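In: predicted structure and sequence below. I'll ask about it afterward.
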Amino acid sequence: MRLINVRPDRGTVLALAILPFALVILAYVLGSAERLALNPDDKLLPSFGTIGDAIVRMAFTADNRTGDYLLWSDTAASLWRLFAALAISTAAALVVGVLIGMLPTVRALLAPFVGMVSMVPPLALLPILFIVMGLGEESKIALIAIGITPYLIRDLAMRVEELPHEQMIKAQTLGASSWLIALRVVLPQIAPRLMDALRLSLGPAFLFLIAAEAIASDSGLGYRIFLVRRYLAMDVILPYVAWITLLAVIMDFALARARRLLFPWFGAVR
Amino acid sequence: MTAISVRHLWKEYGDQIVLEDISLEFAPRSFVALVGPSGCGKTTFLRILLSQERATRGEVLIDGRPIAPEPEADRGVVFQRYSVFPHLTVLGNVVLAAEFAAAPVTGRLFGARRRQADEEARALIAEVGLKGAEDKYPAALSGGMQQRLALAQAIIRRPKILLLDEPFGALDPGIRADIHVLMKALWNSCEMSVVMVTHDLREAFTLATRIIAFERRRNRPEEKDRYGATIAKDIEVWPKRIAGTRIAGQPKQTTTAPGRDDPALSAGTGRDDPALKTA
């Protein structure tokens, strides 16, 4: 039988999905045990027991100095920045993207400009943001927003232009104005595509978040990782990385799920 | 009553001439089929009637007035594909036109006005044979049902002219015959003229009152750019079909020509009979 025709059954699918995770964990456990056998004070690959202690210390024990539970206060600070930036980006991308996609005049005005701006490396702008906006929350939120908004705008404008031209003509023959076409024809069809674009920009959003927090901050997940790096505290860094990954996965899953629930027609259309 | 006049219409794309000096008069309530080989400009002609494209020279008049420069509610349209909105249910697709007309800011109707619009839409949905599918999304409908929906959506605003761009071209023959019956019934019951582009001559002769064939008469490679398509044939279908003389579901009042193996018709006169000219 040809390989392209071999289809695993459900149990095999599950087993195959788990396999890479299991292999990575196994490799870590073996490597960690070997290093700890040579040097019980090794910090690079701490045992799961040490990591567990660190998790208890960070998540369930109040910090001596501030009285906060650090993992949760870091998470709250980071997520606030992330969501604020995502909200700003989404709103801006929706307005500008739909305008570029629908109106040839706005496309002529803004499409080359947005194309150019999207090529500016956002991290290179970070010093400028710190100088102009200070080291507070604004500069971090601005970095994330600047990082993902041009991508979202360009993606949405393309999705709008991809809508069949027949639909625009049809809407006009039903008596719709440009505004009504945007409201009733374009926006509802763009919304699920926006959610997909948001899912894809979660990765870059986290990247810019961690970068901004690493450089100048006093709270946040990225700040903590770069703080404890000085003490080679892998037992804190590793669970933090896993936690950030888990947060991103949950957001991705939630967006996918919400899209299916809110736009039941979309799956059949694509 | 809507008459369409097309006067000395030219359409050029850069150097290439697509339509060459087309002049036509369509009588009110006519059902015109545009036929011709691919690339002969019949779809371009339809798009000009729709104001989706603009004529290079010449003009199109509806009841003596030039058509608006952009698509408007006086001309409905059904395309072969993408005619209905995938994000709206069947009912939503048909009600949409009423919402556009009545709510220029929100685009939505509420309360009593919503119920009235729904009722009107449901009646039309039942008329085109989609009763029971009101809450389905178009993706869940077959191709034939989608085109029925597209027809309902196009005629709910009572357009003066309905433009059809190969609307039934993608349907299989059985479904197509069914939808032809619907199309005839709608043409009979609605106050509108119909212009249809089709590849299918049988379809053209089944439905239309008049068939216009476009053709590029000079089609040698070196001539292609400089000569556009003109009208090669202009056929009045005989016996005459007159809109409104038939009600859906009742037998036809006009008879068609007998088939090869049918018994000869005894009564009536042919189109070339002298008796007709004196009558």
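Out: Yep, that arrived.

In: from here on, just use CA atoms for contacts and neighbour counts.
Out: Will do.

In: so where is the chain shaky, pLDDT-wise?
Out: Since no chain was named, I'll use chain A. A:270 (pLDDT under 70).

In: you looked at the wrong chain, it should be chain B
Out: B:1, B:245-279.

In: residues in it within reach of chain A, list them.
Out: Contact residues, chain B versus chain A (C-alpha under 8 Å from any C-alpha of the partner chain): B:52, B:71-79, B:82-87, B:96-97, B:100-101, B:104-107, B:137, B:139, B:154, B:157.

In: the closest residue to chain B within the stretch 151-270 of chain A: how many residues sit nearby?
Out: In the stretch 151-270 of chain A, the residue that lies nearest chain B is A:Thr173 (4.4 Å; C-alpha to the nearest C-alpha). A count of neighbours around A:Thr173, defined by other C-alpha atoms under 10 Å in any protein chain shown, yields 22.

In: tell me the contacts of B:Ala152?
Out: B:94, B:124-125, B:128 (C-alpha atoms under 8 Å, 6 or more residues apart in numbering or on different chains).

In: in a helix, it, correct?
Out: Yes: the assignment for B:Ala152 (DSSP: H, G, I helix; E, B strand; the rest coil) places it in a helix.

In: what distance do you get for it to B:Gly132?
Out: Noted for B:Ala152: a distance of 15 Å to B:Gly132, by C-alpha to C-alpha, to the nearest Å.

In: for the stretch 151-270 of chain A, what spans make up the helices?
Out: Secondary structure of the stretch 151-270 of chain A (DSSP state H, counting those that start in this stretch): helices located at A:165-173, A:178-180, A:187-215, A:221-228, A:234-262, A:266-269.

In: likewise for chain B?
Out: B:42-50, B:90-102, B:111-127, B:143-155, B:173-189, B:201-207, B:221-224, B:274-278 (DSSP state H).

In: need these in a markdown table (columns: distance to A:Asp41).
Out: As requested, those are arranged in a markdown table below (distance: least, C-alpha to C-alpha, whole Å):
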| stretch | distance to A:Asp41 |
| --- | --- |
| helix B:42-50 | 79 |
| helix B:90-102 | 68 |
| helix B:111-127 | 73 |
| helix B:143-155 | 71 |
| helix B:173-189 | 79 |
| helix B:201-207 | 87 |
| helix B:221-224 | 85 |
| helix B:274-278 | 114 |
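
In: please identify which of the ones you listed is closest to A:Leu255.
Out: helix B:90-102 (25.6 Å; C-alpha to C-alpha).

In: who does the closest one touch, helix- and strand-wise?
Out: Counting contacts by 3 or more C-alpha pairs under 8 Å, 6 or more residues apart in numbering or on different chains; DSSP states H and E, helix B:90-102 packs against helix B:111-127, helix B:143-155.

In: quick one, what contacts residue 58?
Out: All of this refers to chain A. Here A:Met58 is in contact with A:69-71, A:236 (criterion: C-alpha under 8 Å, 6+ apart).

In: nope, chain B
Out: B:6-10, B:21.

In: gap between B:Val77 and A:Ala145?
Out: Between B:Val77 and A:Ala145 the computed distance is 42 Å (C-alpha to C-alpha).

In: for chain B, see how far away A:Ala93 is.
Out: To chain B, A:Ala93 is 21 Å away according to C-alpha to the nearest C-alpha, to the nearest Å.

In: excluding chain neighbours, give the residue nearest to that residue in space.
Out: Nearest residue to A:Ala93 in three dimensions, chain neighbours excluded: A:Ile153, at 4.5 Å (C-alpha to C-alpha, 6 or more residues apart in numbering or on different chains).

In: residues near A:Arg257, how many?
Out: 12.

In: center of chain A, which residue is that?
Out: A:Leu202 (1.5 Å; C-alpha atoms, centre = their mean).

In: that older thread, between the helices of the stretch 151-270 of chain A, which gets nearest to B:Ile235?
Out: helix A:165-173 (29.2 Å).

In: that closest one - contacts with which helices or strands?
Out: Partner elements for helix A:165-173 (3+ C-alpha pairs under 8 Å, 6+ apart): strand B:75-78.

In: give me the contact list for the strand it packs on.
Out: A:170, A:173-174, B:50, B:147, B:150-151, B:154-155, B:159-165, B:167.

In: again, 6 Å this time
Out: By C-alpha atoms under 6 Å, 6 or more residues apart in numbering or on different chains, the surrounding residues in contact with strand B:75-78 are A:173, B:154, B:159, B:161-164.

In: same thing with stretch A:151-171?
Out: A:93, A:97-98, A:100-101.

In: so which of those is the most crowded?
Out: That'd be A:Gly97 among these, by other C-alpha under 10 Å, with 31 neighbours.

In: give the buried residues for the strand or helix carrying that one.
Out: Assigned by DSSP states H and E, A:Gly97 belongs to helix A:70-102. Within helix A:70-102, the residues scored as buried using 16 or more other C-alpha atoms under 10 Å in any protein chain shown are A:70-71, A:73-75, A:78-79, A:81-82, A:84-86, A:88-90, A:92-94, A:96-102.

In: stretch B:210-228 too?
Out: Buried residues in stretch B:210-228 (16+ other C-alpha under 10 Å): B:210-216, B:224-225, B:227-228.
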